[in-house]
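Enquirer: Have a look; sequence and predicted model below, questions after that.
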Amino acid sequence: MRVTVPMGYDRRLRPCPTDDGRECHLFAVTADGHSHRGALQRSQADLKAEIAAWRRKQPRDSGWQSNSVTIEAHRAEPQPYLRSRVVPQLIIEPDVMTKTSYSICWQGVISTAVCTTGAKVCK
């Protein structure tokens with residue numbers, strides 16, 4: 001099961017204000033797997049694909065397709081699809097942070113593991 005987490009008006013992202021005048025959007029994607037590693041890899045890959053697809057859909061003159069766009073790690077809240085929330089006892093430690101994503105994982109209801117991975121995209 002792959003789910004793009006509803007975070008805002010278009011179900012994929014939400015605008016994010018910054019102090020430095022940049023325009024940013026927050027993305028989060030949730031994926032499950034038969035292992036912690038599998039769920040993590042799927043959520044990271046799905047996030048990357050979701051951001052790339054969103055950028056391709058933006059008008060050419062919007063600046064979202066330029067090389068000056070930055071992608072940074074952003075901690076998104078867990079977005080379970082079979083629970084109302086994730087209790088701390090279910091969290092699989094440690095969280096995984098890369099230069100471009102932040103992932104938090106937990107024990108799933110049906111799947112062994114589920115991860116939500118987030119990023120902040122700015123121009």
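Expert: Cool, the structure landed.

Enquirer: just checking, Val96 touches Ser43?
Expert: No - Val96 sits out of contact with Ser43 when judged by Cβ atoms under 8 Å, with a separation of 9.6 Å. C-beta coordinates here come from the backbone N, C-alpha and C atoms, glycine included.

Enquirer: so who does Leu82 touch?
Expert: Shown in contact with Leu82 (Cβ atoms under 8 Å, 6 or more residues apart in numbering): Gly108, Val109, Ile110.

Enquirer: List the contacts of Asp95.
Expert: With contact taken as Cβ under 8 Å, 6+ apart, Asp95 is in contact with Arg75, Tyr102, Ser103, Ile104, Cys105.

Enquirer: Surely it is within a strand?
Expert: Yes - under DSSP: H, G, I helix; E, B strand; the rest coil, Asp95 falls within a strand.

Enquirer: Ala49: what secondary structure?
Expert: When the rule is three-state DSSP, Ala49 gets the label helix.

Enquirer: for this structure, which spans come out with low pLDDT?
Expert: 1-17 (pLDDT under 70).

Enquirer: Tell me which stretches of it form strands.
Expert: Assigned by DSSP state E, the strands in the chain fall at 2-4, 13-16, 24-33, 70-73, 91-97, 102-107, 113-122.
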